[in-house]
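**Q** no FASTA, just this:
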C-alpha cells in the first residue's frame, strides 16, 4: 500500500511542478493555486506513505537510498510550504518543486525492499541523526534554489533587459535576505547532525571520528557553509559571491550525500 501511495505522490509532485512552471511562464493565478493544492495533497499522501513504511519496516525509513530520497523530498516539501506561508514568494515554487520531483524519481530508481538492519544501525540514534541531517539538507536546498533565482535576476538587471522573468522574481535584496534565513537555520541543523553522528559513531564503533569518507566530506561541507556564514555575518558578503558560494556548498553537500556512497564506500555505506 505504501508503494502505491509513493507512486501517487510522485505523480502529484510532477503535476504540481508542471503547474508551477506554467504559472511562472503565464502568471495565471488560478494555475498557481491549483498547483499548490496538488503539492499539498501530495505531501499529505507522502506523509501517510512514510508512516506506513515505518510500520512495515519496524524502524525509521531512513536507511536505504529509496527511503532517504523519499524522506528528503518530504522534508523539502515541508520546508517549502512553511517558508511559503511566511514569505509568499510564488516564483520560488517553480525552482523548488523540480528538485522535489527529482528526489522522488531517484527514490523510484532504487530498490525499495526491506532489508535487515546492520548491527550499527540498530540504535535510537538512527531517527535522530538522519532526521536532523535531512531536514538541514532540505533548508539548504531552499537556499540553493534562492541562489539560482538571485543569479538569474542579477543577470537580467546587469543586461538591462528587464523582461518577463524580472517581473516574476523578487528583488535582489529580498532574495538575499531569504537565502540568509535558510542558511541561518540549515547550518546549525547541519552542525547538530554532524555532532549526533559522532556521538552515534562512538556508541557503534567506539570512536567519535574515524575519518571515514562520509565523515571527511561532511566536514568539508561544514567548513564551506561555515565560511559562507562567517563572511556574510562579519565581512558583509552579499549578492553574487554569496550566491555562488551557496551553490558550491550545496553541490558539495549532494556529493557527500550521494557521490561518496557510490565512489568512496566506507563504514557509512549500507543498502543502496
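**A** Sure, I can see it. Just so it is clear, the model here is predicted, and its values are computed rather than measured.
**Q** What ranges in this structure fall below the confidence cut-off?
**A** Applying pLDDT under 70 to the chain flags residues 1, 114-115, 119-120, 160-167, 204-205, 264-272.
**Q** Helices along that one, start to end?
**A** With DSSP state H as the definition, the chain shows helices at residue ranges 2-26, 29-57, 65-87, 93-109, 125-158, 164-168, 172-205, 213-230, 240-254, 260-263.
**Q** Dump the ones you listed to a markdown table, plus mean neighbour count and distance to residue 118.
**A** Every residue, glycine included, has its C-beta placed from N, CA and C. Shown next, in a markdown table, are those (neighbours: other C-beta atoms under 10 Å; distance: least, C-beta to C-beta, whole Å):
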| stretch | mean neighbour count | distance to residue 118 |
| --- | --- | --- |
| helix 2-26 | 19 | 22 |
| helix 29-57 | 17 | 14 |
| helix 65-87 | 20 | 14 |
| helix 93-109 | 21 | 21 |
| helix 125-158 | 21 | 11 |
| helix 164-168 | 14 | 48 |
| helix 172-205 | 18 | 9 |
| helix 213-230 | 18 | 15 |
| helix 240-254 | 20 | 24 |
| helix 260-263 | 15 | 14 |
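**Q** Quick check: the gap between the residue nearest to residue 75 when sequence neighbours are not counted and residue 109.
**A** Of all residues not flanking residue 75 in the chain, residue 138 sits nearest, at 3.8 Å (C-beta to C-beta, 6 or more residues apart in numbering). Distance, residue 138 to residue 109, using C-beta to C-beta, to the nearest Å: 20 Å.
**Q** what's the spatially closest residue to residue 108 that is not a sequence neighbour in contact with, if anything?
**A** Nearest non-adjacent residue to residue 108, counting by C-beta to C-beta, 6+ apart: residue 10, 6.3 Å away. Residues near residue 10 by C-beta atoms under 8 Å, 6 or more residues apart in numbering: 101, 104, 105, 107, 108.
**Q** Could you dump those residues into TSV and include distance to residue 125?
**A** Shown next, in TSV, are the contacts of residue 10 (distance: C-beta to C-beta, whole Å):
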residue	distance to residue 125
101	31
104	26
105	29
107	23
108	28
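**Q** could you list every residue that touches the residue nearest to residue 75?
**A** Shown in contact with residue 138 (C-beta under 8 Å, 6+ apart): 72, 75, 76, 78, 79, 186.
**Q** How is the chain divided into domains?
**A** Recorded structural domains for the chain (assignment: automatic domain parsing) are 1-115, 131-272.
**Q** Same list as before, those domains that is, but in JSON lines and with distance to residue 121 included.
**A** Output for the domains of the chain, formatted as JSON lines (distance: least, C-beta to C-beta, whole Å):
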{"stretch": "domain 1-115", "distance to residue 121": "6"}
{"stretch": "domain 131-272", "distance to residue 121": "7"}
